[in-house]
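Trainee: how would this look folded up:
(2 chains)
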Protein chains: 2
Amino acid sequence: MAEFQAGTPEQAAFLDALVEARLLIPTGEPGVYGRGDVFERVREGFDALVTRTAAVDGAERMRFPPLLPRRQLEESGYLKSFPHLAGTIFSFRGSEADAAEQEARALRHEDWTEFQAMTDLVLLPAACYPIYPAIARRGPLPAGGLTIDGGGSYVFRHEPSGDPARLQMFHQREMVRLGEPETVASWRDRWRDRALDVLASVGLEPEREIAADPFFGRAGRMLAANQKAQELKFEVLIPIAGPDHTAVASFNYHQDHFTHTFGITMADGGPAHTACLGFGLERITLGLFRAHGLDVAAWPAAVVGRLWP
Amino acid sequence: MAEFQAGTPEQAAFLDALVEARLLIPTGEPGVYGRGDVFERVREGFDALVTRTAAVDGAERMRFPPLLPRRQLEESGYLKSFPHLAGTIFSFRGSEADAAEQEARALRHEDWTEFQAMTDLVLLPAACYPIYPAIARRGPLPAGGLTIDGGGSYVFRHEPSGDPARLQMFHQREMVRLGEPETVASWRDRWRDRALDVLASVGLEPEREIAADPFFGRAGRMLAANQKAQELKFEVLIPIAGPDHTAVASFNYHQDHFTHTFGITMADGGPAHTACLGFGLERITLGLFRAHGLDVAAWPAAVVGRLWP
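Mentor: Below you'll find the model as predicted:
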C-alpha cells in the first residue's frame, strides 16, 4: 500500500491558500479535492484550448468512464510496471446477516474487508487504455491511421500525498495516434512542439525532458533506464509548488506494445504503432494559479484571451 | 456480489443498435460503455439545458471526483441501506516478491485478492454526498440557505446488467438545497414541476411518481414503505427500452438526515433541512435517442433548438 507522502512547507502553504480561496475543497483525504467554480472555469478553458489546437488533426472523439475491465488490466502489463499505483474495485458478497455485520464494523471503523470481494472492474489507470480494444474491434486501420481525442478522462493513481499537484484522481486530457510507424512518430514530434507552444501561450514556462515512468521496484530501474535510452517518453514540466518542477504533459511512444496486445494492424497488413499524449488538467490549472495569482480578475489579458476567447 | 441481470430482447436490440451507430462503445463489461461524439453532444446539450434552467436559483458550482473518503461512507448509513451497490477501492500491499506473484496470477486470470488491501477511499455512491461536509466546514447556513450545483458527477452502482440504461457508472446531474425546512420543501416542490417541463421541452413524455430507494434485504422493505408513506422521494420516468418505464430524475427530501450527521444548522440556530435533485444524464440521452431516432440530423427542430440553442 502506498505510504502517505507529506507535502513540503511550500506545498502545504499553497494548498492552504487554494482552500482559503475556495478553488479547492478538502474532503478529508489527501489528493482528493472538490473544485470550486473558478478552478473549473480555468480547467475547462485550458481543455477547450487543447481541443482547438487539436482540431487540425481531425480527431474522432471518444469518452470513457474511469473504469476498466479487470481482465484488460491483467493482460496489459500494468501490474508488472505499476502494481503500487493500481486501484481495484471490490463489492459486497454475503448474506443479510453478513451485511448487518459489515455495517456494524464499518460504523466502528473496524476492518470489514472480509465481506468485500474483487469485482470484474478496476479503476482506469491511464486514459488511453480503453481506446485500443475499441479500435481493435473495428478491424485493421485505414492508410494514414486514426487520431482519437479521448477527452479529459478521470484516471486513478494510488499515491496519497500532501502535494496539491499529486492527486489520486485527475483529468488526463488525452489524444492517441494509431497508424504506420512513421505516421505515429511524426505526429508525436509535431505535438512535442505544439504542447510547449500551448503552455507558453498561457504564460507558463514549460521545459521538455526525456523521462521515464515511475516503474515499481528494483527491476523497474532497468525498465526506466531502457525507456530513457530509447527516448520513448517525453514530459513537459512547469513550476507549481517546488522543490522540483512538475510534469504537466506526457508523450509516450508505445511502438507495437498495444497494437501487438490487441492485434491491431494496418489495412495493407503492415505493422501499426501507437503513441499518446496526455495533459494533466488539474496540474496545469494549478500552474496557472501559481504563475498568475489566485485572483483570475487580475490575470494578464493575453492569458484570459487564450482561455476564454 | 450483485448477480448479472440479463437484458430483455428489446434492451439487447437497442444496445446493439446504439453500438452499431457508434453512440455507445462496448468495453467487454456490462454497464460500462464508452460514448461516441454524437452521444456526448446530446448529453452535454441536455446538461447545459439544466444549467440554464437552474440559473434562477443562483446556485454555487462545486465539482467532485468520483471518490469518497471511506470514513464518510461508513458513517453515512449507505452500507445499511445499499451494501449491494457500494464499490470499495483496494490497492496493492506487499513486497516485490508479492508483486511478482500477483502479476503472475493476474496474467493467468487467477485470484490475486490476497495482495490487495482496502484503501481509505470508496467510489462515490451519490453525487450529493461530498457536498454536505464541504458546507458543514463553512459553519452555519445564512438565512435563506444555499443552493449547490454539483454538476454532472460520475457515481458508481455495482449492478451489472444487459439493460443499456443500467450503467455501473453514470453522470448524476445534481443540485442540492440546504436551508430552513420550508425553504427546502418549496424548492423541491418547484423543481418537481420544472423537471417535468424540461424533459417535456425536448420531446420526452415524463411521468412523475412517488418512489422508494432500492433498499437491501427484508428490513429494506420496511424502509421503502416508510419512505413512500412520507412521500420523501419522487422520480420522473420515461420509456427507454421496456418493459417498464425508467427513472431519469430523482428528488430526495432528506429532512434532517444529513444536517444532523454533519452538524449543519441555520445561522440563527434554527433547524436546517436538505433536499437534492439528480438527473441521470446517460438515461435521458438514451431516452432522446429512443424518442427521436439514432440520427440526430433528423430530430425535430424544436428539440434541436432546446439542446443546442
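
Trainee: hey, let's count contacts and neighbours off CA atoms from now on
Mentor: OK.

Trainee: buried residues in whichever helix or strand residue A:105 is part of, which are they?
Mentor: In the assignment (DSSP states H and E), residue A:105 maps to helix A:96-107. Residues of helix A:96-107 classed as buried by neighbour count (16 or more other C-alpha atoms under 10 Å in any protein chain shown): A:98-99, A:102-104, A:106-107.

Trainee: pLDDT averaged over the longest helix along chain A - what is it?
Mentor: Longest helix in chain A, counting residues (DSSP state H): helix A:181-201. What helix A:181-201 shows for mean pLDDT is 95.

Trainee: which strands and helices sit next to the next helix or strand after that helix?
Mentor: Per DSSP H and E, helix A:181-201 leads on to strand A:207-210 as the next helix or strand towards the C-terminus. Here strand A:207-210 touches strand A:233-238, going by 3 or more C-alpha pairs under 8 Å, 6 or more residues apart in numbering or on different chains; DSSP states H and E.

Trainee: now residue A:250. Nearest residue, chain neighbours left out?
Mentor: residue A:235 (4.4 Å; C-alpha to C-alpha, 6 or more residues apart in numbering or on different chains).

Trainee: isn't that neighbour right up against residue A:213?
Mentor: No. Counting by C-alpha atoms under 8 Å, residue A:235 stays clear of residue A:213, with 10.0 Å between them.

Trainee: contact partners for residue A:183?
Mentor: A:144-145 (C-alpha atoms under 8 Å, 6 or more residues apart in numbering or on different chains).

Trainee: what's the distance between it and residue A:175?
Mentor: Residue A:183 sits 15 Å away from residue A:175, taking C-alpha to C-alpha, to the nearest Å as the criterion.

Trainee: look up which residues are beta-bridged to residue A:238.
Mentor: residue A:246 (DSSP bridges).

Trainee: any idea how many residues pack against it?
Mentor: Counted with other C-alpha atoms under 10 Å in any protein chain shown, residues neighbouring residue A:238 total 23.

Trainee: residue A:245 is in contact with that one, correct?
Mentor: Yes. Using C-alpha under 8 Å, residue A:238 makes contact with residue A:245 at a distance of 5.2 Å.

Trainee: around chain B, which positions in the stretch 101-250 of chain A sit nearby?
Mentor: Within the stretch 101-250 of chain A, the positions adjacent to chain B are A:102-103, A:106-107, A:109, A:113, A:116-118, A:120, A:130, A:133-134, A:154, A:158, A:169-170, A:217 by C-alpha under 8 Å from any C-alpha of the partner chain.

Trainee: show me which of those are buried.
Mentor: A:102-103, A:106-107, A:113, A:116-118, A:120, A:130, A:133-134, A:154, A:158, A:169-170, A:217.

Trainee: ranges for the strands of chain A?
Mentor: A:24-26, A:33-36, A:60-63, A:67-69, A:87-92, A:116-123, A:146-156, A:169-179, A:207-210, A:233-238, A:246-255, A:273-280 (DSSP state E).

Trainee: is the second one anywhere near chain B?
Mentor: Same thing as strand A:33-36. Yes. Remark: strand A:33-36 sits within contact range of chain B at A:33-36, by C-alpha under 8 Å from any C-alpha.

Trainee: tell me the contacts of the closest residue to residue A:26 other than its chain neighbours?
Mentor: Counting by C-alpha to C-alpha, 6+ apart, residue A:26 lies nearest to residue A:33, which is 5.1 Å off, once chain neighbours are set aside. Counting by C-alpha under 8 Å, 6+ apart, residue A:33 touches A:24-27, B:64-65.
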